[in-house]
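# the following comprises the amino acid sequence and a computationally predicted model.
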Amino acid sequence: MELAVHGVTHQGLVRPANEDHFVCGARVLAVGDGLGGHVAGDVASRLALEPVAALDTPEATCAELVSALPDAVRAGNEAVLADATANPARRGMGTTVTAAVVCDGNVHLAHVGDSRAYRLRPGEGLRQLTMDHTPVGEAVRAGLLDPEEAAGHPSGSVLSRAIGLEPDVEIDVLEPVPLEPGDRLLLCSDGLTAVVADAGIARLLADADGPVQACEALVDATLAAGAPDNVTVVVAVAAGG
Ligand code: CA
């Protein structure tokens with residue numbers, strides 16, 4: 001399967017720095033949304049994504065990539081923790097990681113935090129593939145809160161799990177999700193989803209000619225909504241058979 005990919009990160013209009021990073025390789029995609037303030041969040045998301053980016057070599061088989069993905073996220077966790085331990089100024093920094101391997105017609109996801117993955121399938125619509133690791137997200141999962149109530153929840157950005165805070169982080173490794181020609185895969189930080197509703201994301205993804213246009217449209221919509229946070233989007237469009 002041919003995959004066209006593109007990624008964009010933008011500081012937004014309010015935050016003093018951009019603490020998001022992304023990976024946009026031939027078969028490996030990822031978003032990290034750093035937390036910790038000053039420059040610490042920026043360091044956390046960069047360090048966490050390095051082992052994930054390193055997976056994407058032409059030699060690696062699909063099976064090797066898929067089995068190595070959770071280990072790469074775990075290695076990122078260790079790297080952030082080690083750096084924070086060695087540098088007191090960065091103690092307590094952390095990051096989300098949502099990472100995808102796309103091969104053999106499937107999306108394989110590993111994630112921690114509230115950076116999301118979505119699949120848009122023409123005729124079927126937008127499906128969120130990840131579950132936010134936030135108290136609000138856990139409440140939705142447990143059936144205690146409606147998704148509509150969760151969307152505008154004031155504590156929606158508090159994380160219940162993050163990379164870089166504990167040696168034994170629980171990583172969600174999801175069942176493979178099929179990707180067919182015409183499907184669009186989106187990974188994004190909450191700077192997008194906090195201000196652009198799913199219906200808007202679906203429309204912008206569907207209307208775009210390709211991943212470059214999709215990323216530009218999603219970032220433009222975030223900026224038009226005031227962009228209170230850093231925003232990062234990585235889009236893959238499956239083509240061919
Ligand atoms: Ca964010």
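Nice, I can see it.

# just give the closest residue to V237, not the sequence neighbours.
Distances taken as CB to CB, 6 or more residues apart in numbering place A4 nearest to V237, at 4.7 Å, with adjacent residues excluded. Heads up, the C-betas are built off the backbone N, CA and C, glycines and all.

# oh sorry, the question was meant for P167
Distances taken as CB to CB, 6+ apart put L81 closest to P167, at 6.5 Å, once the chain neighbours are dropped.

# list the buried ones in the worst-scoring helix or strand of the chain on mean pLDDT?
The weakest-scoring helix or strand in the chain, judged by mean pLDDT, DSSP states H and E, is helix 147-151 (a mean of 78). Neighbour-count burial for helix 147-151 flags A150 (criterion: 16 or more other CB atoms under 10 Å).

# which strands and helices lie in contact with it?
helix 135-141 (3 or more CB pairs under 8 Å, 6 or more residues apart in numbering; DSSP states H and E).

# ok, residues contacting the helix it packs on?
The contact list for helix 135-141, computed with CB atoms under 8 Å, 6 or more residues apart in numbering, reads 114, 131-132, 145-147, 150, 153, 155-156, 158, 160.

# so for that helix, mean pLDDT?
For helix 135-141, mean pLDDT rounds to 85.

# for this structure, give me the ranges with low pLDDT.
37-38, 154-156, 240-241 (pLDDT under 70).

# can you pull out the helices in it?
Taking DSSP state H, the helices of the chain run over residues 40-53, 62-86, 135-141, 147-151, 190-193, 198-207, 211-224.

# I'd like to know which of those helices is closest to G94.
Among the helices of the chain, the nearest to G94 by CB to CB is helix 40-53 (5.7 Å).

# check whether the closest one comes near the ion.
No. Interface with the ion: helix 40-53 contributes nothing (CB under 5 Å from the ion), its closest point being 8.7 Å away.
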